[in-house]
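Undergrad: The sequence and its predicted three-dimensional model are supplied below.
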Amino acid sequence: MSTTDQPGRCPWCGTDPLYVSYHDTEWGVPEFDSRALWEKLILDGFQAGLAWITILRKREAFRTAFAGFRPDIIAGWGEADVSRLLQDAGIVRHRGKIEGTIRSAQAFMQIEERTPFSEFLWRHLDGQPLVNHFRSPSEVPIETAVSKQISKELKAQGFTFCGPTIVYAFMQATGMVNDHLVTCHRHPSFAALAK
């Protein structure tokens, strides 16, 4: 297949097969599972200051190190677990982010006592993905009023590494917004999921 035969894609994924697969099969697909949403939010927090491909390459190691991203388990972790994770070369070894993950697991569990975490997030969009129609990467925002509001509420609950820019990247990845460019072959199929 020549380059001209390749389907149009959002340019951010480049040609790395792992990144292309992530773009084509995951990024922008609406996610409603509370645990999966929490995992993605935590990984987006770990990405702060790094490229997403770095986290993507380490994702399986993260899943192993963090007990399959089960907040009910992680919420009970302490200093011994932080020390263990700081020795794990398979993940991003950042004390603040590791400790923040434990606090965020505790916050997740408190939210879940009242309402599903998925509902806590998706109510900001009335449970429906927002479908954008951007033609150029320069049109795509790095944060929005909704991401600012979600960030504020998450921080109030005890979450860390969840500023408006991280939250907007999270919203894009989990299909809360469809920011595939209209020239991307995934835009129409993901837009249809919002109907």
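TA: Looks like it came in fine. Numbers count the residues shown, from 1 in each chain.

Undergrad: Name whatever forms a beta bridge with residue 177.
TA: According to DSSP bridges, the partner residues bridging residue 177 are residue 130.

Undergrad: how many neighbours does it have?
TA: 24 (other Cβ atoms under 10 Å). Glycine gets a C-beta too; all of them are placed from N, C-alpha and C.

Undergrad: what sits against it?
TA: By Cβ atoms under 8 Å, 6 or more residues apart in numbering, the contact list for residue 177 reads 125, 129, 130, 131, 132, 168, 171.

Undergrad: next one: residue 157
TA: Contacts of residue 157 (Cβ under 8 Å, 6+ apart): 107, 110, 111.

Undergrad: buried set for the longest helix along the chain?
TA: Criterion DSSP state H: the longest helix present in the chain is helix 95-114. Buried positions in helix 95-114, judged by neighbour count with 16 or more other Cβ atoms under 10 Å: 97-108, 111-112.

Undergrad: Which residues outside it are in contact with it?
TA: By Cβ under 8 Å, 6+ apart, the list of residues contacting helix 95-114 reads 34, 38, 41-42, 45-46, 48, 66, 71-75, 77-78, 81-82, 85-86, 117, 120, 154, 157-162.

Undergrad: Mind doing that once more with 6 Å?
TA: 38, 42, 46, 71, 74-75, 77, 82, 85, 117, 120, 157-161 (Cβ atoms under 6 Å, 6 or more residues apart in numbering).

Undergrad: Can you go through those residues and name the buried ones?
TA: Here, 16+ other Cβ under 10 Å leaves 38, 42, 46, 71, 74-75, 77, 85, 117, 120, 157, 159-161 buried among those.

Undergrad: number of nearby residues for residue 188?
TA: Using other Cβ under 10 Å, the number of residues around residue 188 comes to 12.

Undergrad: And it, which helix or strand is it part of?
TA: Per DSSP states H and E, residue 188 falls inside helix 187-193.

Undergrad: what's the spacing between residue 39 and residue 170?
TA: 11 Å (Cβ to Cβ, to the nearest Å).

Undergrad: what stretches of the chain score poorly on pLDDT?
TA: Residues of the chain meeting the criterion pLDDT under 70: 1-7, 194-195.

Undergrad: All the helices of it, residue numbers only.
TA: 17-25, 34-47, 52-65, 71-74, 79-86, 95-114, 117-122, 145-157, 164-173, 187-193.

Undergrad: right, so of the ones you listed, which gets closest to residue 137?
TA: Ranking those by proximity to residue 137 (Cβ to Cβ) places helix 164-173 first, at 12.0 Å.

Undergrad: orientation of the closest one relative to helix 34-47 in degrees?
TA: 130 degrees (axes from the mean of the first three to the mean of the last three Cα atoms, to 10 degrees).

Undergrad: so how far is helix 164-173 from its chain's centroid?
TA: On the basis of Cα atoms, centre = their mean, to the nearest Å, helix 164-173 sits 7 Å off its chain's mean C-alpha point.

Undergrad: ditto for stretch 188-195
TA: With Cα atoms, centre = their mean, you get 19 Å for stretch 188-195.
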